[in-house]
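S.K.: have a look; sequence and predicted model below, questions after that.
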Amino acid sequence: MFDEILGLPAHALIIHAAVVLTPLAVLLSLAYALVPGWRDRMTWAVVPLAVIAPATVLAARQSGEAMKDRVFGGQPPSGLLGDRVAEHESYATPLLLSSLGLGVAVLVLVFAAARLGRAVAGVLSGLIVVLSLVVGFYVLRAGHTGATAVWGA
């Protein structure tokens, strides 16, 4: 399922969704958390991104595994390329987990903040800021190391 799309490696296509939607989710989540006055106007965008961005990261991770298996025949690559692929791959799970955490935190803030009170909304907003920074770091590192693995440095 995650191997090819129309004869092209799925990973090369799927990562573009993750590379665009994950930073967008980070930016809108930050705005949602830090500017309460904008929340009513942003809910329509923040809610779908809280679900879709982690889904694209999962799809990128799975398609990367499929591509690695196909290109390298199930064996880890060796040498400099192997080191670059391993480094790139090491960011997949932390990015997935942190983007899931961000998505959950945003959804809780959207759907429960009014019922939970200002203090809880403040704590959730702080958590969203921290998770946004973590997700931003991992998406940047994953993208950079992936590009380095493919194109060299």
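M.R.: Perfect, thanks for sending it.
S.K.: using CSV, list the CA coordinates for whichever strand or helix holds residue 80.
M.R.: Using DSSP states H and E, the element containing residue 80 is helix 79-90. C-alpha atoms of helix 79-90 as CSV (Å, rounded to 0.1, in the frame of the first residue of the first chain):
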residue,chain,number,x,y,z
GLY,A,79,28.6,3.2,4.5
LEU,A,80,27.9,6.9,4.3
LEU,A,81,24.5,6.3,2.7
GLY,A,82,23.6,3.9,5.4
ASP,A,83,24.5,6.4,8.1
ARG,A,84,22.4,9.1,6.4
VAL,A,85,19.4,6.8,6.0
ALA,A,86,19.7,5.7,9.6
GLU,A,87,19.9,9.2,10.9
HIS,A,88,16.9,10.2,8.8
GLU,A,89,14.9,7.2,9.9
SER,A,90,15.7,8.0,13.6
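S.K.: now the strands for the protein?
M.R.: Here the chain has its strands, by DSSP state E, at 4-5, 8-9.
S.K.: list the residues that contact the nearest residue to residue 129 once chain neighbours are set aside.
M.R.: Leaving aside its sequence neighbours, residue 129 sits nearest to residue 33 (CB to CB, 6 or more residues apart in numbering; 5.8 Å). No exception for glycine: its C-beta is placed from N, CA and C like everyone else's. Taking CB atoms under 8 Å, 6 or more residues apart in numbering as the contact definition, residue 33 lies against 106, 109, 124, 125, 126, 128, 129, 132.
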